[in-house]
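Show me the folded form of this:
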Amino acid sequence: MEWSDSWRGAFRIELRAEAVNLAWHGWPVLPGTYPAGDRWAGRDGLDQDGPVPVHHDWQERIGSRPEQVASWWTGQSYSILVATGHGVDAIEVGADLGRRAAVALRAIGIPVPIAATPAGRWMFLVASGQPLSTDLLAHDDVHHYGRGEYVPLPPTPVQHGVVHWRVKPQICGWQLPRPGVVEDALLEAVRVPDRYEGLVSADRS
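You can find the predicted model right below:
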């Protein structure tokens, strides 16, 4: 039990450090509810399948300074959420499509931050301000997170594990690509699914 308490304390510190680091780089970080048994602690009366913002007025808190972000996590275990539509958007796809698109981006030398969930969802983080094409949005495996929404970022705990980085933001110098760059890679992966299959298989091994 002592080890478990110690581990939880260390993980809380890791969540706080990562939240502050994201805020220092200008990402709109928010505290999210945290799993406690079968429920998500942090918001009264809520029983969700995943984290939601702790504060009811979360949209008014977007853009808080790193010092404020640090105070939210002091002594508290919160998930890490980023509010999309405020400099950061997310394009979420299934793992198979995500792998093919990631390989396509790597082939042209464009690194993109990618977070993934244990449930097999990949989130490509891009700059806000450009809607996706109707061709891509019509694909039932694609969801674009924009203004008024949010996504969990590593190391947020979720069912069956934690959200983790496939490509860390440091790899691209914290510079987010235009959505069109990722869109082109995704459309290529949809249209020609076998083109990168050999490289995807090597990436899995």
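
Under the pLDDT cut-off, which ranges of the chain? List them.
Applying pLDDT under 70 to the chain flags the ranges 1-8, 36-49, 192-205.

So for it, the centremost residue is which one?
residue 153 (3.8 Å; CA atoms, centre = their mean).

who's in contact with residue 60?
Contact analysis of residue 60 by CB atoms under 8 Å, 6 or more residues apart in numbering lists nothing. To be clear about C-beta, it is placed using only N, CA and C from the backbone, and glycine gets the same treatment.

And for residue 105?
111, 112, 181, 182, 185.

Need these in TSV (columns: neighbour count and secondary structure).
Shown next, in TSV, are the contacts of residue 105 (neighbours: other CB atoms under 10 Å; DSSP: H, G, I helix; E, B strand; the rest coil):
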residue	neighbour count	secondary structure
111	17	coil
112	23	coil
181	17	helix
182	27	helix
185	26	helix
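
Closest one of those residues to residue 168?
Proximity of the contacts of residue 105 to residue 168 (CB to CB) peaks at residue 111, which lies at 9.2 Å.

Just to check, the closest one is in contact with residue 169?
No: assessed by CB atoms under 8 Å, residue 111 is found out of contact with residue 169, at 9.4 Å.

picking up where we left off before, quick check: closest non-adjacent residue to the residue nearest to the centre of the chain.
Residue nearest to residue 153 in three dimensions, not counting chain neighbours: residue 80, with 4.8 Å by CB to CB, 6 or more residues apart in numbering.

Got phi/psi on the one you found?
Per-residue torsions, residue 80: phi -110, psi 120 (degrees, to the nearest 10).

With residue 113 instead?
phi -60, psi 130.

so what's it up against?
124, 125, 165, 167, 168, 169, 171, 172, 176.

was I right about the third one contacting residue 115?
Okay, so that is residue 165. Yes: the criterion here is CB under 8 Å, and residue 165 meets it with residue 115 at 5.8 Å.

Residues in contact with both of the two, list them for me.
residue 154.

Does residue 172 touch residue 106 like I think?
No: in this structure residue 172 lies outside contact range of residue 106 using CB under 8 Å: 11.6 Å.

where along this structure do the strands fall?
Taking DSSP state E, the strands of the chain run over residues 29-32, 34-36, 39-41, 79-83, 88-94, 114-116, 121-127, 142-145, 150-152, 157-158, 161-162, 164-167.

Can you tell me the closest non-neighbouring residue to residue 70?
residue 20 (5.0 Å).

higher neighbour count, residue 165 and residue 115?
residue 115 (25 against 15; other CB atoms under 10 Å).

ok, the residue nearest to that one when sequence neighbours are not counted to residue 13 distance?
Closest residue to residue 115 apart from its sequence neighbours, by CB to CB, 6+ apart: residue 123 at 4.7 Å. To residue 13, residue 123 is 24 Å away according to CB to CB, to the nearest Å.
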